[in-house]
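**Student:** Structure for the following, please:
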Amino acid sequence: MAKNKTTETESSVVDFINTVEDEAKRNDSFELIKIMQKVTGSDAIMWGPSIIGFGSYHYKYASGHEGDAPLAGFSPRKAAISLYVSLPTEKREELLLKLGKHRAAKGCIYIKKLADIDIEVLKKMVSLSVENLNKLYPSN
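**Tutor:** So this is what the prediction gives:
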């Protein structure tokens, strides 16, 4: 079975963010850390080379594939900031409609800058992600 590429690392979150060329994206990243740390109650940790995650859970699929992943996270990519949250299906569309300017894919939400979105809706999304993943994958 293939090894997961995105695993928790010892790399410095601050050092990583300081490599982001765009100053506004860098500032938004530091603000996102404050928001996500407060909502999750977990410190920011690097997952792989470019994802900043908060908290973690262990998953195991019916296929036998298993691993660990953050309960919520983000990555300041060149084109946009990718937000990683796992929302309950029945709440996802409702929250996305209230979020503000974004683009959504199955696994993540893309924003250009924090000023484009409703921070309170983001906080709700992060909180629901933690709740949802803890419900789906309760720790033993």
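**Student:** In which helix or strand does S129 reside?
**Tutor:** Per DSSP states H and E, S129 falls inside helix 119-136.
**Student:** List the buried residues for that helix?
**Tutor:** For helix 119-136, burial by neighbour count (16 or more other CB atoms under 10 Å) applies to 121-122, 124-126, 128-130, 132-133. The way it works is simple: take the backbone N, C-alpha and C, and place the C-beta from them, glycine included.
**Student:** what sits up against that helix?
**Tutor:** For helix 119-136, the surrounding residues in contact (CB atoms under 8 Å, 6 or more residues apart in numbering) are 35-36, 39-40, 54-55, 57, 59, 71-72, 83, 85-88, 91, 95, 98-100, 109.
**Student:** just to revisit the earlier point, and which of the buried residues of helix 119-136 is nearest to S29?
**Tutor:** L122 (13.6 Å; CB to CB).
**Student:** Return, as residue ranges, the portions of the protein with sub-threshold pLDDT.
**Tutor:** Along the chain, segments meeting pLDDT under 70 span 1-5, 140.
**Student:** hey, where'd the strands end up in this protein?
**Tutor:** 44-47, 51-54, 57-60, 66-69, 72-76, 81-84, 103-104, 109-111 (DSSP state E).
**Student:** got the CA positions of the helix holding S129 in PDB?
**Tutor:** Extracted C-alpha coordinates of helix 119-136, given in PDB (Å, rounded to 0.1, in the frame of the first residue of the first chain):
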ATOM      1  CA  ILE A 119     -14.700  35.300   9.100                       C
ATOM      2  CA  GLU A 120     -17.600  34.100  11.400                       C
ATOM      3  CA  VAL A 121     -18.700  31.700   8.700                       C
ATOM      4  CA  LEU A 122     -15.100  30.400   8.400                       C
ATOM      5  CA  LYS A 123     -15.000  29.900  12.200                       C
ATOM      6  CA  LYS A 124     -18.200  27.900  12.000                       C
ATOM      7  CA  MET A 125     -16.800  25.800   9.200                       C
ATOM      8  CA  VAL A 126     -13.600  25.000  11.100                       C
ATOM      9  CA  SER A 127     -15.600  24.100  14.200                       C
ATOM     10  CA  LEU A 128     -17.900  21.900  12.200                       C
ATOM     11  CA  SER A 129     -14.900  20.200  10.600                       C
ATOM     12  CA  VAL A 130     -13.500  19.300  14.000                       C
ATOM     13  CA  GLU A 131     -16.900  18.100  15.200                       C
ATOM     14  CA  ASN A 132     -17.600  16.100  12.000                       C
ATOM     15  CA  LEU A 133     -14.200  14.300  11.800                       C
ATOM     16  CA  ASN A 134     -14.300  13.500  15.500                       C
ATOM     17  CA  LYS A 135     -17.700  11.900  14.900                       C
ATOM     18  CA  LEU A 136     -16.700  10.000  11.800                       C
END
